[in-house]
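J.: Kindly return the folded structure for what I paste below:
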Amino acid sequence: MTAILDFLQLHIEMVYIVILSIFLGIEVISRVPSVLHTPLMSGANAIHGVVIIGAIIVMGKAEPDNWLALVLGFLAVILGTLNVVGGFVVTDRMLEMFKKKK
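T.: Predicted coordinates:
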């Protein structure tokens, strides 16, 4: 527990940035009209490809006995992949609405 508190004390600026970004994200998302919510979310989900690449790099650099890094990397790859696929499915469904019916 003391290691976590020491880390937080050394990196207090990073903690402030994370907290401020959470509040800023909530404020920005709450002001997006519902009409634009689906296209923006599908685009944001596609950005999670960066998360997948980062998780693969973390898993590749992790020591074989570092189970925490391997498990978290694996979960990040799985959840990031689901998010990317979901983003493309939502985008595809949204674009289908604009096609002319036969």
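
J.: Distance from the chain centre to stretch 51-66, please.
T.: 16 Å (Cα atoms, centre = their mean, to the nearest Å).

J.: Now do the buried residues in it.
T.: Under the neighbour-count criterion of 16 or more other Cβ atoms under 10 Å, stretch 51-66 has 51-52, 55, 58-59, 62 buried. For glycine as for every other residue, the C-beta is placed from the backbone atoms N, C-alpha and C.

J.: can you list those residues in JSON lines and add secondary structure and distance to residue 79?
T.: Below are the buried residues of stretch 51-66 laid out as JSON lines (DSSP: H, G, I helix; E, B strand; the rest coil; distance: Cβ to Cβ, whole Å):
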{"residue": "51", "secondary structure": "helix", "distance to residue 79": "8"}
{"residue": "52", "secondary structure": "helix", "distance to residue 79": "9"}
{"residue": "55", "secondary structure": "helix", "distance to residue 79": "9"}
{"residue": "58", "secondary structure": "helix", "distance to residue 79": "14"}
{"residue": "59", "secondary structure": "helix", "distance to residue 79": "14"}
{"residue": "62", "secondary structure": "coil", "distance to residue 79": "18"}
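
J.: how about TSV for the residues you listed, with pLDDT and distance to residue 3 added?
T.: As requested, the buried residues of stretch 51-66 are exported to TSV (pLDDT from 0 to 100; distance: Cβ to Cβ, whole Å):
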residue	pLDDT	distance to residue 3
51	84	26
52	89	29
55	89	24
58	87	20
59	90	23
62	89	19
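
J.: State the mean pLDDT of stretch 28-39.
T.: Average pLDDT, stretch 28-39: 75.

J.: And the contacts of stretch 14-25?
T.: For stretch 14-25, contacts defined as Cβ atoms under 8 Å, 6 or more residues apart in numbering pick out residue 8.

J.: Please shift the residue numbers so they start at 83 in all later answers.
T.: Sure, I'll start counting at 83 from here, so that last one is stretch 96-107.

J.: quick one: average pLDDT of that stretch?
T.: Taken as a whole, stretch 96-107 has an average pLDDT of 93.
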